[in-house]
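1. how would this look folded up:
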Amino acid sequence: MGEKMSSCKASCSVLLVCFIVGLCSVCPCSAAEVDANQTANLIINGSSTRPIPETLFGIFFEEINHAGAGGIWAELVNNRGFEAGGQNTPSNIAPWSIIGDQSSLIVSTDRSSCFERNKVALRMDVLCDSEGGNTCPAAGVGIYNPGFWGMNIEQGKAYKVVLYVRSLGSINVSVSLTSSDGSQILASANIVDSDVSNWTKAEVLLEAKGTNPNSRLQLTTSRKGVIWFDQVSAMPLDTYKGHGFRNELIEMIDDIKPQFVRFPGGCFVEGEWLRNAFRWKESIGPWEERPGHFGDVWMYWTDDGLGYFEFLQLTEDLGARPIWVFNNGISHQDQVDTTAVSPFVQEALDGLEFARGDSNSKWGSVRAAMGHPEPFDLKYVAVGNEDCGKKNYRGNYLKFYNAIRSAYPDIKIISNCDGSSRSLDHPADYYDYHVYTSASNLFSMTRQFDRTSRTGPKAFVSEYAVTGKDAGTGSLLAALAEAGFLIGLEKNSDIVEMASYAPLFVNANDRRWNPDAIVFNSSMHYGTPSYWVQKFFRESSGATLLDAKLQTNSSTLVASAITWQNSDGKTYLKIKIVNFGNSKVNLKVSIDGLGLSSQLSGSTKTVLTSSNLMDENSFANPKKVVPAQTMIENADKDMDVVLSPYSLTSFDLLTESNNIRMPQTDSLSRSSI
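-> Numbering: from 1, shown residues only. Take a look at the predicted model:
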């Protein structure tokens, strides 16, 4: 995540506000100003065009807000290997809890696991029995795991539970999915074995007989003895394309058609200290053997079931390009001197071989063993995150740059340093640009890249969002400012080749950062207005930008025009306009050099607005602020339309031709858009 954050200090009623573009201020407006409608002309020249990069809009995923662990990664068990409390024993096993009392059960941890990289296992001394003087309770004794603020168990769905078990004697262990207090049994099966003197892998498939979004997994027994458990996993069988991701959350990503996925951070990659930075080698191979780590920036443990391989698989499943961000020997609190950074460079080269190497290569063979013999299409890497100001960054960066350029000449390398206002002092294919600010500031940045040099590295705006009071936990105001900023990026797509909002996800039970595009808990989810803005731009990547001139005295209007083709090969003219003012606008649209179809059913108008600037979506009202689409019956080259106050409007007009020429050269003058 970004650190360059500013917020508007002044505030007043959102019902009586006007925004002075370029200034971080809010002031009351007179009734006359509120009532006065504005007029404007938008002139679109369909013969003056420029291609938009296919990569323009994508997503940035960071393990923050429990976005991965307890989020898109469908694993239901939290701290499945009992490692989250640390390697020393006895250890804290939270959120695991005990079923029973001290007269019937003693639970502890030791270092007896069969997995060398995560030695902690749970030991359960069962003191009661099914008969005799100290009988177990009817439901047995044992342990339970509530998952990440409750497991969502749905009737009719199947869940695979895998665990490792060892005992000095025979076992009869009940594996159950129950309500949060254990009173409702949703699914249950028994593991019965007479010889588990060595660590044994056990699997059961549970089919839920009921639904409960706040469920837990129980391991119980009524047989006296000593049992060890380790690496306990519960996964729904139904995941996105069968690869372990939570369907409904990934489908929301798929709906915005991302052209790239930047992963896995952000600050998560750096770590507060290098010892807690994400290391890709610790996140591959069999899930049982991954040691996991404590993310000390966002302050929670992850088992790293969602690892380097899974990220690469997800990008492939989405049809997107992977952009791998790796540590360059720098964290928030410590850093490696350039003279000693070679092992980190080799780590990155090994990671590239894992992704791209032949299945017979050292690391490519590890990937093949994980079920993906063909290389992944990894062609973009970022050397660190927000490290440009650190003492050793430039020296370290050059070590990485030279090694990667030599081994993989086709890989595009992204620098942390901003090259938008001055030339970089080191080679790069892209420079990373982050901005978190107030709504008025971000809207005023619609022309941020107008004067940026067109030579040298391209811009990657990998983190942007409205933050602070303007944003709330996802407001319409924030979304509209972001839409204006994105129109500016679209119109400057000859220099800005990639852009992604941040952060993408937040588990409502662990808000480390506000706002976020998609909010979820164990069973529900919704998109914030900022998420819905993304859908207005999903056709932009690879489209054709047209010359669109606004004739207006207003500083609160910004517009663009593109042509794009749908899956049926039909070509549309899409006009996007943000009205960031408090008055309606009577807009006259004139289109030249592009014929529109006379089909009455072919064209649509989509509007994102609401009655209050600070309106948000919620679990109770997930569609309070969403785009509303209507048909346009009179699509013509000359149209008079009305823009609502504080709105984002899109017109998708079916054209006469399905074979609009895609330009090969830039015929747009930047000064005219």
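
2. Show me the shaky parts of this structure.
-> 1-36, 598-601, 657-673 (pLDDT under 70).

3. all strands for the stretch 201-350 of the chain, in order.
-> Ranges of strands in the stretch 201-350 of the chain, per DSSP state E, counting those that start in this stretch, are 212-221, 225-236, 260-263, 293-295, 300-302, 321-326.

4. which one of those lies closest to Ala382?
-> For the strands of the stretch 201-350 of the chain, the distance to Ala382 is smallest for strand 321-326, at 4.3 Å, taking CB to CB. Yep, even glycine has a C-beta here, placed from its N, CA and C like the rest.

5. What are the buried residues along that closest one?
-> Of the residues in strand 321-326, Arg321, Pro322, Ile323, Trp324, Val325, Phe326 count as buried by neighbour count, 16 or more other CB atoms under 10 Å.

6. quick revisit: give me whichever of the strands of the stretch 201-350 of the chain is most buried.
-> strand 260-263 (a mean of 28; mean count of other CB atoms under 10 Å).

7. Neighbouring strands - and their directions - for it?
-> strand 59-60 (parallel), strand 321-326 (parallel) (DSSP bridges).

8. Can you spell out which helices and strands pack onto the helix or strand following the first one?
-> This points to strand 59-60. Sequence-wise, the next helix or strand downstream of strand 59-60 (DSSP states H and E) is strand 97-99. Counting contacts by 3 or more CB pairs under 8 Å, 6 or more residues apart in numbering; DSSP states H and E, strand 97-99 packs against strand 105-110, strand 141-145.

9. Neighbouring strands of strand 97-99 in the sheet, and parallel or not?
-> Sheet pairing for strand 97-99, using DSSP bridges, gives strand 141-145 (antiparallel).

10. In the partner strand, which residues are buried?
-> Neighbour-count burial for strand 141-145 [16+ other CB under 10 Å]: Val141, Gly142, Ile143, Tyr144, Asn145.

11. by contact count, what packs against the helix or strand following that strand?
-> Next helix or strand after strand 141-145 toward the C-terminus (DSSP H and E): strand 151-153. Applying 3+ CB pairs under 8 Å, 6+ apart, we find strand 151-153 packed against strand 212-221.

12. tell me which strands and helices the strand it packs on is in contact with?
-> Using 3+ CB pairs under 8 Å, 6+ apart, strand 212-221 sits against strand 141-145, strand 151-153, strand 171-178, strand 225-236.

13. still on that earlier bit, distance to Arg166 for the buried residues of strand 321-326 - can I get that in JSON lines?
-> Shown next, in JSON lines, are these (distance: CB to CB, whole Å):
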{"residue": "Arg321", "distance to Arg166": "45"}
{"residue": "Pro322", "distance to Arg166": "39"}
{"residue": "Ile323", "distance to Arg166": "43"}
{"residue": "Trp324", "distance to Arg166": "38"}
{"residue": "Val325", "distance to Arg166": "39"}
{"residue": "Phe326", "distance to Arg166": "37"}
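
14. which one among these gets closest to Asn212?
-> Among these, and counting by CB to CB, the member closest to Asn212 is Pro322, at 36.6 Å.

15. Ignoring the adjacent residues along the chain, who's closest to the closest one?
-> Leaving out its chain neighbours, the residue that sits closest to Pro322 by CB to CB, 6 or more residues apart in numbering is Thr315, at 4.2 Å.

16. What of Thr467?
-> Per CB to CB, 6+ apart, closest to Thr467 is Tyr436, 4.5 Å.

17. Check the secondary structure at the one you found for me.
-> In three-state terms, and counting by DSSP: H, G, I helix; E, B strand; the rest coil, Tyr436 is strand.

18. I'd assumed Glu463 was in contact with it.
-> Yes: counting by CB atoms under 8 Å, Glu463 is a contact partner of Tyr436 at 7.3 Å.

19. between the two, who's got more neighbours?
-> Applying other CB atoms under 10 Å to Tyr436 and Glu463 shows that Glu463 carries more neighbours, namely 25 against 22.

20. got the angle between the helix or strand hosting the more buried one and strand 321-326?
-> Here Glu463, judged by DSSP H and E, is contained in strand 458-466. If you take axes from the mean of the first three to the mean of the last three CA atoms, to 10 degrees, strand 458-466 sits at 80 degrees to strand 321-326.

21. Could you point out the helix or strand that follows strand 458-466?
-> helix 476-491.

22. so can I have JSON lines of the buried residues of strand 141-145 showing distance to Asn214?
-> Shown next, in JSON lines, are the buried residues of strand 141-145 (distance: CB to CB, whole Å):
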{"residue": "Val141", "distance to Asn214": "22"}
{"residue": "Gly142", "distance to Asn214": "19"}
{"residue": "Ile143", "distance to Asn214": "18"}
{"residue": "Tyr144", "distance to Asn214": "13"}
{"residue": "Asn145", "distance to Asn214": "13"}
